[in-house]
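Enquirer: Provided below are the primary sequence and the corresponding predicted coordinates.
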Amino acid sequence: NSKPAYEFYGYAFYLVSFLAMGLWLLWAFSTESFSNKIGFTYYPKRYWAIALPDYIVICILFGVVIFLCYNFIHTPSFDSLNTIAGNNK
């Protein structure tokens, strides 16, 4: 089989996500002198270590609320004939 199995993609994503999490934690909790010592001199403000995950969670929750509102708006009322289902001919 010339195509790699999807398990390899999942495992690679698993490893990359742990590497990214480790780098994020290193950036978030290290001091400025330590970051400069290892050669990491250009980095965003520490504010973004907390703000970015918060923004992501808020966007996901907002998306869920929008999805629910969309479904409520497009649901037919109880007295509508569109709520009747079945193959009654």
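Expert: All right, it came through fine.
Enquirer: Now do the one helix or strand in the chain whose mean pLDDT sits lowest: everything it contacts.
Expert: Taking mean pLDDT, DSSP states H and E as the measure, helix 32-37 is the helix or strand of the chain with the lowest mean score, a mean of 86. Helix 32-37 has contacts (C-beta atoms under 8 Å, 6 or more residues apart in numbering) with 27, 41, 43. All C-beta atoms are positioned from the backbone trio N, CA, C, and that covers glycine.
Enquirer: So the residue nearest the centre of the chain: helix, strand or coil?
Expert: Taking C-alpha atoms, centre = their mean as the criterion, residue 56 is the residue nearest the geometric centre of the chain, at 6.4 Å. Secondary structure assignment for residue 56 (DSSP: H, G, I helix; E, B strand; the rest coil): helix.
Enquirer: show me where the protein has helices.
Expert: 6-29, 32-37, 47-73 (DSSP state H).
Enquirer: quick one, what contacts residue 24?
Expert: Residue 24 makes contact with residue 49, according to C-beta under 8 Å, 6+ apart.
Enquirer: Out of the helices of the chain, which gets the lowest mean score?
Expert: Note on those: helix 32-37 shows the lowest mean pLDDT, a mean of 86.
Enquirer: tell me the domain ranges of this protein?
Expert: Following automatic domain parsing, one gets these domains for the chain: 1-42, 44-80.
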